[in-house]
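Novice: Generate a structure from the sequence data that follows.
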Amino acid sequence: RDGVLIDSVSSAIDYADRDVNFKETYSYYVKASAGNELTSEPSNTVRVLMPQGPPRFAGLDRSAPTKPQNLIASDVTSTEVTLNWDKSSDNIGVTGYKVYVGTRNPF
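Specialist: Okay, here's the model as predicted:
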């Protein structure tokens, strides 16, 4: 989409691009704007390689993906926590992640 504005969000600090295709690479950057149409310099650019679709021959896949690495918790509030980790790899393709929670008991 080559530097084309895809959306404007008011005061949100996240965005979900739902107009993407399997196995495509996208580059994103963000600029802040003020009511008078002035914009900031662009943020850093992040490149995203979209995974391939669900494996065509999933029944033949006999190798599990590598385990996710470097799991961290950030943006912890009294009602929410954000988790981030490094991506896994697989000979067919990683199609998602399953997030589990252990105890929910207070300390």
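
Novice: Which pLDDT value goes with Ala32?
Specialist: pLDDT for Ala32: 83.

Novice: That one: how many residues sit nearby?
Specialist: Look at Ala32: counted by other Cβ atoms under 10 Å, it has 11 neighbours. Every residue, glycine included, has its C-beta placed from N, CA and C.

Novice: can you check Val46 too?
Specialist: Neighbours of Val46 (other Cβ under 10 Å): 10.

Novice: Which residues are in contact with the closest residue to it other than its chain neighbours?
Specialist: Spatial nearest neighbour of Val46, chain neighbours left out: Tyr28 (5.3 Å); criterion: Cβ to Cβ, 6 or more residues apart in numbering. Each residue near Tyr28 by Cβ atoms under 8 Å, 6 or more residues apart in numbering is listed here: 17, 45-48.

Novice: okay, those residues in CSV with secondary structure and pLDDT next?
Specialist: Compiled in CSV, the contacts of Tyr28 are given as follows (DSSP: H, G, I helix; E, B strand; the rest coil; pLDDT from 0 to 100):
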residue, secondary structure, pLDDT
Asp17, coil, 78
Thr45, coil, 85
Val46, strand, 85
Arg47, strand, 83
Val48, strand, 83
